[in-house]
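Colleague: quick one, what's the 3D model for this:
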Amino acid sequence: MQSHLLLIRTVLADAGIRCCTSTNRDLKTVTARVEHEGLSFLTIALPDFCRDLQKGLARGKVDSTDFAGYAKTGYLPKFLSGFTSQVFNPNNGLLLQEPNVDAIQSVRQVTLLFGKIELPCTQARVDAAMSKYLECEQSVRQSDQKLSLADKQEFVSMATRVWGGVLDKVNRDIDEGRIVPKHGPGSTADGLIGNDKYNQRLWTRRLEEVPFYAGEFLFPSWSHYDYDSPPVTWLDPEDEIPVKVISVPKTLKTPRVIAVEPTCMQYVQQGLAESLVGAIERDDLLSKLVGFREQARNQYLAQFGSCDGSLATLDLSEASDRVSNQLVRLMTTHYPLVTAGFDASRSRKADVPGHGVIRLAKFASMGSALCFPVEAMVFLTIILIGIERESSKPFTYKRLQSLIGEVCVYGDDIVVPVMYVHSVIKTLTTFGLAVNLDKSFWTGKFRESCGKEYYDGDDVTVVKVRRVFPTSRKHVPEIISTVSLRNQMYSYGYWKTAAFLDELIERLIPFPRVLPESPALGRHSFLGYDCEKECRFLQKPLVWAYRESSRPPLSHLEGSGALLKFFLKRSVEPSADRNHLERAGRPKAVSIKPGWVSPV
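Modeller: You can find the predicted model right below:
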């Protein structure tokens, strides 16, 4: 806790210098409230302060209901008043004609600094998150029941017009046997890890009927299907392994809830997702309306929208968990093999801690390889319905082209024209989705999307602490995170904060100046890089530094499993890892090792 207070003190000092204001009283407030409320003040109460600031920027004023829990002078809280008074008029709460953008960024930096620190929640909060998961599931069922026949027909019509070419391509890939499954590096509900996944022998009747044949997907050839041991174990629908619902750290306020899929389901999902995403990315139009790998387009549009106010940024709550399986089936209704493939590779049940096994109405939770691309398709379809309803003009290909640069979907981050925002929000709600109004902006000059925030075109994005500070060289993830924090703070001009973190890191490891491209754990600097000696073979500079090192766990593979892994390769080139048959899977731990490393 002491190190956290020292950090926020230096951040306050940097912010005060930037905005020419004293922060002594602000530091006293922080210290007193941390002593009284503990870490929750830094991780929960301060982010709520920022939420009220952003609401005020959107409304153009703050009122008496904002900044609850803080003593006020006029309309503004005494806490951080040196900054907020450069943004709002203290006498009437109105936004100044020319607010200080540095003050906006500084308030956001101070209040959001610890908002995303990865610490485990209390058990009570975890239990509440699991109960919320079930409530969300019930909400999906209710939305399905409320959806009118006209809404369903409109959804099918729009989805067919927009996604027809893409779904037809996936349909043909399934029909002609071009779906190539793939194993991911993560955990599975049935406990298989690493190379063990290539020897899996569990297969469902539903997958076999698509047809995703076990003889083609689990073995290098049909001849192995007849002779390899052990034989395939067939699972009827009632015997299928449910997804394993777990919580992972997100914030101290609430954990992130994800679902771990069974191996056979994830295996097929990866192949279907590859076909689906590939078809979308090869489409000249749709690839500009949805994104899966590059967030820059959403970020640029958010910046543009903050300048002229023409574009709104929307954020959805529990986006993945609110996409109904019924909607996905409607979207693919004219493509029977896609419908069958999505349904067969979709887990129908979930094992929720404290609640047992439940049947799912949602299409998939985070953890499914199909979750991200399919939800983007559903969101775009609904957005276009909302725009069509508002404009009263049917969509044509030419009209879709005109939306490039105005509509973009990346996961649950959405950009739409302001003129259609109310219709889009209403339509999203009609189809069972929930818009997070605290993180959605269409008035004022503040916008945020895909991790970047802007006010009137200026970047007001902040740096966040992700892990507690290390106290020993053994705390490897914490050291790596702190080095990243230091370099981000330096790039944003928080010099005192960077110097404070330099001192903390130097007590644990050597910390030379390096360029951002260097593999070394070093400090970035506008003054260049250090050189302690020169490599006698390559004549390049070297510094003594630590670098990340990790190895996949031991996982031996031979026989038909090794041959299957070869046939599943996406490239004709040999594997870059010579030991991939001996080691595979996600590293259980990361380490750091010292040595002579290039600083460039």
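
Colleague: gap between Pro120 and Pro255?
Modeller: Distance, Pro120 to Pro255, using C-beta to C-beta, to the nearest Å: 8 Å. C-beta: built from backbone N, CA, C; applies to glycine.

Colleague: the two - which one has more neighbours?
Modeller: More crowded of Pro120 and Pro255, by other C-beta atoms under 10 Å: Pro255, with 20 against 12.

Colleague: per-residue pLDDT, the more buried one?
Modeller: On pLDDT, Pro255 comes in at 89.

Colleague: once you drop chain neighbours, what's closest to it?
Modeller: Nearest non-adjacent residue to Pro255, counting by C-beta to C-beta, 6 or more residues apart in numbering: Ser247, 3.8 Å away.

Colleague: confirm that that neighbour sits in a strand.
Modeller: Yes - assigned with DSSP: H, G, I helix; E, B strand; the rest coil, Ser247 falls within a strand.

Colleague: ok, what's across the strand from it?
Modeller: Taking DSSP bridges as the rule, Ser247 bridges to Val257.

Colleague: what residues does the top strand by length along the chain touch?
Modeller: The single longest strand within the chain, with elements called by DSSP state E, is strand 541-549. With contacts defined as C-beta atoms under 8 Å, 6 or more residues apart in numbering, strand 541-549 is touched by 479-480, 509-512, 514, 519-522, 529-535, 590-600.

Colleague: give me the ChimeraX select line for those, limited to the buried ones.
Modeller: Of these, the buried ones go into a single ChimeraX selection, burial set by 16 or more other C-beta atoms under 10 Å:
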select :479,480,509,511,512,514,520,521,522,529,530,592,597,598,599,600
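
Colleague: next step: the contacts of strand 541-549 restricted to helices.
Modeller: Among those, the ones falling in helices (DSSP state H) are 479-480.

Colleague: mutual contacts of Pro120 and Pro255, please.
Modeller: Listed as contacting both Pro120 and Pro255 by C-beta under 8 Å, 6+ apart are Pro249.

Colleague: pLDDT on the helix or strand encompassing Lys55, on average?
Modeller: Assigned by DSSP states H and E, Lys55 belongs to helix 46-59. Helix 46-59 carries an average pLDDT of 95.

Colleague: inside strands: which ones of the contacts of strand 541-549?
Modeller: Using DSSP E, those in strands are 514, 533-534, 591-597.

Colleague: now pLDDT and distance to Glu573 too, for these, in CSV please.
Modeller: Formatted as CSV, these follow (pLDDT from 0 to 100; distance: C-beta to C-beta, whole Å):
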residue, pLDDT, distance to Glu573
Val514, 97, 31
Lys533, 94, 36
Glu534, 93, 34
Ser591, 93, 29
Ile592, 95, 30
Lys593, 95, 28
Pro594, 95, 33
Gly595, 95, 29
Trp596, 96, 30
Val597, 96, 28
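
Colleague: widest-spaced pair of the residues you listed?
Modeller: The most widely separated members of the ones in strands among the contacts of strand 541-549, counting by C-beta to C-beta, are Glu534 and Ser591 (27.4 Å).

Colleague: count the neighbours of Ser391 for me.
Modeller: Around Ser391 there are 13 residues (other C-beta under 10 Å).

Colleague: excluding chain neighbours, what is closest to it?
Modeller: For Ser391, ignoring the flanking residues on the chain, the nearest one in space by C-beta to C-beta, 6+ apart is Tyr420 at 7.4 Å.

Colleague: three-state assignment of that neighbour?
Modeller: Going by three-state DSSP: Tyr420 is helix.

Colleague: list the contacts of the closest residue to Lys253 other than its chain neighbours.
Modeller: In space, and not counting its chain neighbours, Lys253 is closest to Ile44: 5.1 Å by C-beta to C-beta, 6+ apart. By C-beta under 8 Å, 6+ apart, Ile44 lies in contact with 251-253.

Colleague: ok, so of the residues you listed, who is nearest Thr31?
Modeller: Thr31 lies nearest to Leu252 out of the contacts of Ile44, by C-beta to C-beta, at 19.1 Å.

Colleague: I'd say that closest one and Leu46 touch.
Modeller: No - Leu252 is not in contact with Leu46 according to C-beta atoms under 8 Å; the separation is 11.4 Å.

Colleague: circling back to that earlier point, rebuild the ones in strands among the contacts of strand 541-549 as CSV, extending it with distance to Tyr397.
Modeller: Formatted as CSV, the ones in strands among the contacts of strand 541-549 follow (distance: C-beta to C-beta, whole Å):
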residue, distance to Tyr397
Val514, 50
Lys533, 62
Glu534, 60
Ser591, 54
Ile592, 53
Lys593, 55
Pro594, 59
Gly595, 57
Trp596, 58
Val597, 53
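
Colleague: report how many residues lie close to Gly405.
Modeller: 14.

Colleague: chain neighbours aside, what residue packs nearest to it?
Modeller: Leaving aside its sequence neighbours, Gly405 sits nearest to Leu301 (C-beta to C-beta, 6+ apart; 7.1 Å).

Colleague: average pLDDT for the helix or strand harbouring that neighbour, rounded please.
Modeller: Secondary structure assignment for Leu301, by DSSP H and E: helix 296-308. Mean per-residue pLDDT for helix 296-308: 96.
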